[in-house]
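Enquirer: A predicted structure for the sequence below; I have some questions about it.
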Amino acid sequence: MFQLDPSPLDWFTVDDSVLSVALVFPMQGAAGLFGPACELCARLAAEEVNHAGGVLGKELRLLPVDGGGEPREIADRVEALVELGVVQGVTGWHISSVRQALAPRIAHRVPYVYTALYEGGERTAGVFLAGETPDDQLRPAMRLLAGERKVRRWFVVGNDYVWPRRTARAAYAYARESGGVVCGQAYLPLGTHEFEGVLRRIEQSEADAVLMLLVGSDAVRFNRAFAAAGLDQRSLRLSTLMDENMLMASGPTATADLYSTAGFFASLADQDTLDFHGRYAGRYGIEAPAPGSLGESCYEGVLLLAALIARARTLDVAVIGATADSVSYEGPRGLLRLRGSHVKQRIYLARADGMDFDVLTQLDLDTARP
């Protein structure tokens with residue numbers, strides 16, 4: 001069984017020889033399902049950064065913060081750590097509601113690398129984004145499925161907060177571009193267990209496809225209910241937030257005709273991915289949580305934060321922002337660069353095959369735009 005080393009950080013001690021970073025990731029709630037992979041991937045990246053000499057001659061240390069609670073409470077906690085000088089940077093995977101609460105309070109003080117896929121449009125100075133956005137992730141996937149699977153009628157099912165609602169707004173336009181329509185939508189609270197009403201609406205809509213904008217265990221329960229109702233024989237599913245841990249939790253009988261789109265899949269066979277898997281397994285063992293796209297994004301976040309600071313040669317957020325567009329780094333997703341504070345990366349479409357993903361193609365972002 002894999003074990004994490006206990007954190008060496010004293011929460012209330014400031015050590016000038018150490019660069020401390022708050023790692024904000026879900027330890028509870030719907031997204032807690034992939035929280036362990038987030039922490040393991042981030043710690044691996046920190047160890048590798050330190051092995052290469054650290055950042056500005058300092059050891060990089062991670063301070064875990066639970067990002068699965070109420071957004072305002074999380075922002076209070078992280079802001080206090082910044083105010084006290086305990087941390088000099090922030091990164092991690094957490095939902096957009098947390099980012100929106102956190103960014104205005106800390107981004108002007110310390111660099112903040114947000115790793116989750118999100119709805120797009122974040123422009124707060126000091127925030128740098130390593131995740132996918134709908135224009136590059138969802139638009140080409142919907143266009144490809146419209147062409148290859150003749151999808152014309154989409155039904156959107158999402159959790160009730162900013163990322164699903166704004167992504168659905170974009171999906172309406174993407175469907176029209178491909179000659180289709182969104183024929184219905186439903187938004188559910190985080191932690192939903194009952195889907196009978198939504199499933200009935202999907203069936204009555206005669207949708208060709210369901211766009212799933214559900215988080216973690218909510219998506220798992222929806223997959224099971226969808227298959228149990230026999231709707232997997234009538235409508236395909238597309239998710240922009242579905243990693244290997246969620247797939248395994250859903251079970252092989254609940255994932256027929258389920259597609260996912262992301263910048264990373266564990267089943268990619270390129271050299272960057274294979275090297276990463278070798279290091280991850282060597283560090284944590286074969287029983288560790290699968291490092292899917294959501295957990296692996298935290299590895300990317302640590303590398304990007306280290307690269308931003310190293311390029312600027314300072315912790316000053318204004319200087320980091322001024323030099324950000326010249327920053328590049330290399331990791332499991334290949335050689336990546338920033339443009340407009342967003343990482344530009346390859347995006348893939350995969351189809352569930354039992355409890356793993358079969359990566360079908362790299363999406364063509366240029367031809368997806370009208």
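Expert: On my side now, so go ahead.
Enquirer: rest of the way, CA atoms for contacts and neighbours
Expert: Will do.
Enquirer: and Ser328, what are its phi and psi?
Expert: Reported as degrees, to the nearest 10, the phi and psi values for Ser328 are phi -140, psi 160.
Enquirer: Helix or strand: which one has the nearest residue to it once chain neighbours are set aside?
Expert: Excluding the flanking residues, the one nearest Ser328 by C-alpha to C-alpha, 6 or more residues apart in numbering is Arg337, at 4.3 Å. If you go by DSSP states H and E, Arg337 is part of strand 334-339.
Enquirer: which other residues reach that strand?
Expert: In this structure, residues lying in contact with strand 334-339 by C-alpha atoms under 8 Å, 6 or more residues apart in numbering are Asp272, Ala324, Asp325, Ser326, Val327, Ser328, Tyr329, Glu330, Val343, Lys344, Gln345.
Enquirer: mind listing what's buried in that strand?
Expert: By neighbour count on 16 or more other C-alpha atoms under 10 Å, the buried set for strand 334-339 is Leu336, Arg337, Leu338.
Enquirer: Could you export these as a markdown table, including distance to Val210 and pLDDT?
Expert: A markdown table is the format used below for the buried residues of strand 334-339 (distance: C-alpha to C-alpha, whole Å; pLDDT from 0 to 100):
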| residue | distance to Val210 | pLDDT |
| --- | --- | --- |
| Leu336 | 31 | 96 |
| Arg337 | 33 | 95 |
| Leu338 | 32 | 94 |
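Enquirer: which one among the residues you listed gets closest to Leu308?
Expert: Nearest to Leu308 among those: Leu338, at 9.7 Å, using C-alpha to C-alpha.
Enquirer: And the closest one, how far from Val86?
Expert: Taking C-alpha to C-alpha, to the nearest Å as the measure, Leu338 falls 27 Å from Val86.
Enquirer: before we move on, what about Asn159?
Expert: 34 Å.
Enquirer: Over to Gln204?
Expert: 54 Å.
Enquirer: Also Gly340?
Expert: On the measure of C-alpha to C-alpha, Gly340 and Val86 end up 29 Å apart.
Enquirer: okay, those two: which has more neighbours?
Expert: Using other C-alpha atoms under 10 Å, the more surrounded residue of Gly340 and Val86 is Val86, with 22 against 12.
Enquirer: That one reaches Ser20, doesn't it?
Expert: Yes. Between Val86 and Ser20 there is a contact under C-alpha atoms under 8 Å: 6.8 Å.
Enquirer: Tell me which other helices or strands the very next helix or strand once past the strand holding Arg337 touches.
Expert: Using DSSP H and E, the next helix or strand after strand 334-339 towards the C-terminus is strand 342-344. Under the contact criterion of 3 or more C-alpha pairs under 8 Å, 6 or more residues apart in numbering; DSSP states H and E, strand 342-344 touches strand 127-129, strand 334-339.
Enquirer: Can you report how many residues neighbour the residue lying closest to Ser96 once chain neighbours are set aside?
Expert: Leaving out its chain neighbours, the residue that sits closest to Ser96 by C-alpha to C-alpha, 6+ apart is Trp163, at 6.1 Å. Residues near Trp163, counting by other C-alpha under 10 Å, number 20.
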